[in-house]
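*Asks:* With the input below, show me the fold.
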Amino acid sequence: MNVYVSPEVQGRGIGRKLPEQLIVSSEGEGYWTLQAGVFPENINSLKLHESLGFRRVGLRERLGKMNHGPLKGNWRDVILLERRSMKAGV
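*Replies:* Residues are numbered from 1 along each chain as shown. All right, here's what the predicted structure looks like:
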């Protein structure tokens with residue numbers, strides 16, 4: 001899942017609502033682990049994930065090559081995050 005929030009509405013908690021609902025829904029379906037990948041320089045996304053109970057579990061170096069934007073042609077690292085359910089019985 002990728003969530004991108006328009007700069008005009010950033011800082012209003014919109015980017016938090018979707019992953020919060022994903023956590024509730026996934027736990028309701030019996031899933032106990034969620035994984036995410038975030039570019040290392042995306043500090044706001046890392047902080048958001050960590051505030052939702054995700055923890056850093058690794059780094060995948062040079063995972064993919066950008067094909068657009070100012071970083072076109074650059075290989076990118078991705079920080080791996082994981083969230084284990086704290087809900088009993090899941």
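*Asks:* Identify the spatial nearest neighbour of the residue nearest the centre of the chain, chain neighbours not counted.
*Replies:* The residue lying closest to the centre of the chain (Cα atoms, centre = their mean) is A36, at 4.4 Å. Spatial nearest neighbour of A36, excluding adjacent residues (Cβ to Cβ, 6 or more residues apart in numbering): L81 at 4.4 Å. Quick note: C-beta positions are derived from backbone N, CA and C, even for glycine.
*Asks:* which other residues reach the strand or helix carrying that neighbour?
*Replies:* Element membership for L81 (DSSP states H and E) is strand 75-84. If you take Cβ atoms under 8 Å, 6 or more residues apart in numbering as the criterion, strand 75-84 is touched by 23, 32-40, 46, 49-50, 52-66.
*Asks:* What count of nearby residues applies to R16?
*Replies:* 14 (other Cβ atoms under 10 Å).
*Asks:* Cross-check the contact I'm expecting between it and L52.
*Replies:* Yes. Contact criterion Cβ atoms under 8 Å: R16 and L52 qualify, at 7.5 Å.
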